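**Student:** Show me how the following folds:
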Amino acid sequence: MIRLTVLYNLPADADEEEFLRWRLTDHQAANAAAVGVVRTDFARVDAAWPPGTPVPYRFMTTADWPDRASFERAFLDDEAQEGLRTNLTKLADPVFLVSEILAETVNAPD
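**Tutor:** Predicted coordinates for the structure are as follows:
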């Protein structure tokens, strides 16, 4: 499985409530509907470890594809890249990490 992780902040003049309305609705639906995506999450980063460590990013998005070929087909597509360029105007300091999941454990809820 291939995971795209995006860590980012908002521009200084951004309205966080407005951003969250967009990110939790339209953009979350668009991420989930992207070709090949099997899971996507959005989170607000609340803390870093060890305690007292500055938190360099406010938000994190992850999206998973079953394999590298499907990730590249979807993410590197011209239309997807155009949408990314547009969406990047809403972010500050983004870092994109692409990783291959080597092991996964899912625990059942108690």
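**Student:** which is the next helix or strand following the helix-or-strand element of the chain with minimal mean pLDDT?
**Tutor:** Within the chain, no helix or strand scores below helix 78-87, which has a mean of 92 by mean pLDDT, DSSP states H and E. Tracing the chain C-terminally past helix 78-87 and defining elements by DSSP states H and E, one meets strand 92-100 next.
**Student:** which residues of the chain fall in helices?
**Tutor:** 16-22, 28-33, 68-75, 78-87 (DSSP state H).
**Student:** Would you reformat those helices as CSV and include mean neighbour count?
**Tutor:** Every C-beta, even on glycine, is put in place using the N, C-alpha and C of the backbone. Shown next, in CSV, are the helices of the chain (neighbours: other CB atoms under 10 Å):
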stretch, mean neighbour count
helix 16-22, 12
helix 28-33, 13
helix 68-75, 16
helix 78-87, 11
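**Student:** Same list (those) but as JSON lines, adding distance to residue 60.
**Tutor:** Shown next, in JSON lines, are the helices of the chain (distance: least, CB to CB, whole Å):
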{"stretch": "helix 16-22", "distance to residue 60": "14"}
{"stretch": "helix 28-33", "distance to residue 60": "13"}
{"stretch": "helix 68-75", "distance to residue 60": "17"}
{"stretch": "helix 78-87", "distance to residue 60": "15"}
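**Student:** Please name whichever of those is nearest to residue 45.
**Tutor:** For residue 45, the closest of the helices of the chain is helix 16-22, at 13.1 Å, according to CB to CB.
**Student:** Thanks again, I'm all set now.
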